[in-house]
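1. sequence-free structure coming up:
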């Protein structure tokens, strides 16, 4: 029993030493966070009591079709399915690492039959060992065995726990990557959908313009038939009409391409997916404000970068633990008998306990090099984190100035459209009165059409800037977005 007591003492000592950990204390890399955004100093933080903030961000546009498409992205988008699988894989690595803290238990059982050919000696003839046979016969023996054993590597220097921390941080980074992929897919869908609806507005404008040009061609042809105008006026009207028809056909091509892109985002085959034309919603939502410091908590890419810094920090502990010896403990209990009925008798039971230590004394600097690699990886991850934060501030400032300036551009475009419409009407009346040439009508119509197109484009630019700003600030206000589960509504 003295051997057993010594083994128990060794296990106890190993458990006490397992409190050691070689991982450096972790601190988030320091970053310079401004008090407010330069491009919109009065941007107010979001208020959780606002009704708009209790729903997903895309509901700010008030479009039921967009709401339905966004739900389908969470269910069927294959990029999100791949990101979710990567996250689940990272979680599996964490469970695998955590299993290293506990002993490994094995069970074995066996039965063997042995024999020999030839004459048995007289001394063997009286043996009672379960064999059979006689002089010149066959000798056969049986043996039954069973054992249960365990091996355990105590985490004396925290190597396993550091590995668990490293894998856990990587899994958390994977989760943030999944949320970031979700935000990107939702933003891409919103942008494509808004462009498609603006394309519907452009097509409706062209259809209206083509109808006006057809009326203008008929009027010019009638005036030519009665000798009021020259043939050139008819040719100019026909040229204007055919160019407008060609432009309308190209817009329909562009709309089809956008529809195909939306189909892929929601996990549908483009040949089986369509979005019916609908009236354009030119509303531009007001994006609720946040503080610069909030970006560090809101943006999933910043969260992923920070978790990778933590993972790199834990990797240092893994490499530093390699400087210290490893200890393996093992124990076995087994049974061994020639007869199955006596297999579990006390006399047939054997046991063993053992401990083994290993320590590398000389490796010519290999372990020091690995520690240096781990430290350099931590510095690289820290630099990447700080760069991600800087990029987040840049993107937010860019979209804030875009939202502010594009609002001014939109107001000017609307005023220009109103003036161009008035000029077009006056010029058409003057042509019918015979006071101006048809080239003046074409110029006025072209100017009015361009102004109306520019007004639609200005509104679309404001909408896309709003989506980009929402993405820049993390896409939510009250609670983080839920993880998508592809295949489930």
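-> Cool, got the structure. Note that the structure is a prediction, hence the values are computed from the model and not measured. Numbers count the residues shown, from 1 in each chain.
2. which residues are in contact with residue 91?
-> Residues counted as contacts of residue 91 (C-beta atoms under 8 Å, 6 or more residues apart in numbering) are 171, 174. C-betas here are computed from N, CA, C, even on glycine.
3. figure out the helix or strand that it lives in.
-> Residue 91 belongs to helix 78-99 when assigned by DSSP states H and E.
4. ditto for residue 147
-> strand 138-152.
5. let me know the angle separating the helix or strand following that strand from helix 78-99.
-> Downstream of strand 138-152, the first helix or strand assigned by DSSP H and E is helix 159-225. Calculated by axes from the mean of the first three to the mean of the last three C-alpha atoms, to 10 degrees, helix 159-225 forms an angle of 180 degrees with helix 78-99.
6. downstream neighbour of helix 159-225 in the secondary structure list?
-> In N-to-C order, the element after helix 159-225 by DSSP H and E is helix 231-265.
7. for that following helix, which positions count as buried?
-> Buried positions in helix 231-265, judged by neighbour count with 16 or more other C-beta atoms under 10 Å: 233-234, 236-237, 240-241, 244, 247-248, 251, 255, 258-265.
8. now for it, which elements pack on it?
-> On a contact count with 3 or more C-beta pairs under 8 Å, 6 or more residues apart in numbering; DSSP states H and E, helix 231-265 meets helix 64-76, helix 159-225, helix 438-472.
9. let's see it at 6 Å
-> Helix 231-265 sits against helix 159-225, helix 438-472, with contacts defined as 3 or more C-beta pairs under 6 Å, 6 or more residues apart in numbering; DSSP states H and E.
10. the ones you listed: which one's closest to residue 322?
-> helix 159-225 (7.3 Å; C-beta to C-beta).
11. could you check the angle helix 438-472 makes with the closest one?
-> Using the same axes, to 10 degrees: helix 159-225 against helix 438-472 is 170 degrees.
12. so where's the stretch 301-450 of the chain uncertain?
-> Within the stretch 301-450 of the chain, the segments meeting pLDDT under 70 span 339-348.
13. flag every buried residue along the helix holding residue 91.
-> Buried, per 16+ other C-beta under 10 Å, within helix 78-99: 79-81, 83-84, 86-87, 90-91, 93-94, 97.
14. now swap in stretch 417-437 and tell me
-> For stretch 417-437, a neighbour-count test (16+ other C-beta under 10 Å) marks 417, 420, 423-424, 427-428, 431, 436-437 as buried.
15. got the contact list for residue 185?
-> Residue 185 makes contact with 73, 77, 80, according to C-beta atoms under 6 Å, 6 or more residues apart in numbering.
16. kindly provide the distance from the first one to residue 268.
-> Using C-beta to C-beta, to the nearest Å, one obtains 11 Å as the distance from residue 73 to residue 268.
17. neighbour-wise, which of those two wins?
-> residue 73 (23 against 15; other C-beta atoms under 10 Å).
18. can you pull the contacts of the more buried one?
-> 185, 189, 265-266.
19. which single one of those residues is nearest to residue 350?
-> Comparing the contacts of residue 73 against residue 350 with C-beta to C-beta picks out residue 185 as the nearest, at 61.9 Å.
20. roughly how far apart are the closest one and residue 265?
-> On the measure of C-beta to C-beta, residue 185 and residue 265 end up 6 Å apart.
21. do residue 83 as well
-> Going from residue 83 to residue 265 by C-beta to C-beta gives 14 Å.
22. again with residue 159
-> In terms of C-beta to C-beta, residue 159 sits 44 Å off from residue 265.
23. repeat that for residue 378.
-> In this view, residue 378 and residue 265 are 37 Å apart by C-beta to C-beta.
24. now the end-to-end length of stretch 427-438.
-> With C-alpha to C-alpha, to the nearest Å applied, stretch 427-438 spans 9 Å between its terminal residues.
25. helix or strand: which one has the residue nearest to residue 447 when sequence neighbours are not counted?
-> If you skip the residues right next to it in sequence, residue 447 has residue 420 as its closest partner in space, 5.1 Å away by C-beta to C-beta, 6 or more residues apart in numbering. Taking DSSP H and E as the definition, one finds residue 420 inside helix 366-432.
26. same check on residue 33?
-> Using DSSP H and E, no helix or strand contains residue 33.
27. list the contacts of it.
-> Taking C-beta under 6 Å, 6+ apart, one finds 292-293 in contact with residue 33.
28. how much space between it and residue 183?
-> 21 Å.
29. and which of the contacts of residue 73 is nearest residue 475?
-> Closest approach to residue 475 among those (C-beta to C-beta): residue 185, at 11.0 Å.
30. relative to residue 264, how far out is that closest one?
-> Taking C-beta to C-beta, one finds residue 185 at 10 Å from residue 264.
31. burial of residue 113, as a residue count?
-> 9.
32. tell me the secondary structure at it.
-> strand (DSSP: H, G, I helix; E, B strand; the rest coil).
33. repeat that for residue 108.
-> Put simply, residue 108 is strand when judged by three-state DSSP.
34. from what I see, it and residue 149 are in contact.
-> No: using C-beta atoms under 6 Å, residue 108 is not in contact with residue 149; the gap is 7.7 Å.
35. so which of these two has more stuff around it?
-> Neighbours per residue, other C-beta under 10 Å: of residue 108 and residue 149, the larger number sits with residue 149, 17 against 11.
36. ok, the more buried one - contacts?
-> For residue 149, the contact set (C-beta under 6 Å, 6+ apart) comprises 106, 332.
37. change the start of the numbering to 57 and stick with it
-> Shifting the count to begin at 57 puts that one at residue 205.
38. for beta bridges, what are the partners of it?
-> residue 162, residue 388 (DSSP bridges).
39. tell me the spacing between it and residue 216.
-> Going from residue 205 to residue 216 by C-beta to C-beta gives 20 Å.
40. next one: the helix holding residue 476 to chain centre, how far?
-> 22 Å (C-alpha atoms, centre = their mean, to the nearest Å).
41. is it correct that residue 504 is in contact with residue 475?
-> No: the criterion here is C-beta under 6 Å, and residue 504 misses it with residue 475 at 9.1 Å.
42. and residue 417, backbone torsions?
-> Dihedral angles of residue 417 (phi, psi; degrees, to the nearest 10) stand at phi -90, psi -30.
43. returning to that earlier point: buried set for the strand holding residue 203?
-> By neighbour count on 16+ other C-beta under 10 Å, the buried set for strand 194-208 is 195, 198, 200-203, 205, 208.
44. same question, stretch 461-472
-> Buried residues in stretch 461-472, counted by 16+ other C-beta under 10 Å: 462, 465-466, 469, 472.
45. can you tell me what sits against it?
-> Outside stretch 461-472, the residues that reach it (C-beta under 6 Å, 6+ apart) are 507, 510-511, 514-515, 517-518, 521.
46. so where is the stretch 57-206 of the chain shaky, pLDDT-wise?
-> Within the stretch 57-206 of the chain, the stretches with pLDDT under 70 are 57-76, 98, 100-111, 173-196.
47. can we see that at 50?
-> Residue ranges of the stretch 57-206 of the chain with pLDDT under 50: 57, 59-60, 63-64, 67-68, 70-74, 104-106, 108, 181-184, 186-187, 190-191.
48. on that earlier part again, export the contacts of residue 129 as a markdown table, with columns for distance to residue 384.
-> A markdown table is the format used below for the contacts of residue 129 (distance: C-beta to C-beta, whole Å):
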| residue | distance to residue 384 |
| --- | --- |
| 241 | 48 |
| 245 | 54 |
| 321 | 52 |
| 322 | 54 |
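49. of all those, which comes closest to residue 83?
-> residue 241 (33.3 Å).
50. can you pull the pLDDT of the closest one?
-> Residue 241 is assigned 92 on the pLDDT scale.
51. cheers, nothing more for now.
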